[in-house]
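Trainee: Can you look at this prediction? I've put the sequence above it.
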Amino acid sequence: MAGKNVLEFTDANFQTEVLESSEPVLVDFWAAWCGPCRMLAPTIESIADKYAGRVKVGKLNVDENQRVAGSYRIEGIPTVVLFRDGEPVQSLVGVQPESSFDQLLAPWAK
């Protein structure tokens with residue numbers, strides 16, 4: 001599914017992996033049938049590698065994990081949301097360049 005630093009988030013592990021995380025978490029809400037999601041995947045992998053140990057990066061399949069996706073009102077994919085201290089702090093919708101993620105993460109990645 002993804003590179004070695006990209007985690008898989010699910011309805012079952014979202015609470016512990018994302019909401020209770022002590023580090024910032026970047027969540028890519030995606031689906032297998034979504035062309036733009038597949039286009040964004042290499043960027044997400046690159047960001048996961050670049051920020052390893054500082055920001056947790058993972059993907060949540062909206063078709064397989066509808067409870068979490070619905071609770072955050074994810075209506076268009078890909079949507080990437082940055083969580084800090086259990087709260088969504090910022091999001092990007094659609095295919096974005098890596099520089100957009102660097103700008104998003106700069107204030108949060110220590």
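Mentor: That came through, no problem.
Trainee: Distance of the residue nearest the centre of the chain relative to residue 61?
Mentor: In the chain, the centroid-proximal residue (C-alpha atoms, centre = their mean) is residue 27; its distance is 1.6 Å. Going from residue 27 to residue 61 by C-beta to C-beta, to the nearest Å gives 11 Å. Every residue, glycine included, has its C-beta placed from N, CA and C.
Trainee: same deal with residue 92?
Mentor: Applying C-beta to C-beta to residue 92 and residue 61 gives a distance of 18 Å.
Trainee: Repeat that for residue 16.
Mentor: Residue 16 is 18 Å from residue 61, where distance means C-beta to C-beta.
Trainee: These two: who's more crowded?
Mentor: residue 61 (20 against 9; other C-beta atoms under 10 Å).
Trainee: residues in contact with the more buried one?
Mentor: 30-32 (C-beta atoms under 8 Å, 6 or more residues apart in numbering).
Trainee: Now the nearest residue to the residue nearest to the centre of the chain once chain neighbours are set aside: which helix or strand?
Mentor: Distances taken as C-beta to C-beta, 6 or more residues apart in numbering place residue 81 nearest to residue 27, at 5.1 Å, with adjacent residues excluded. Using DSSP states H and E, the secondary-structure element containing residue 81 is strand 79-84.
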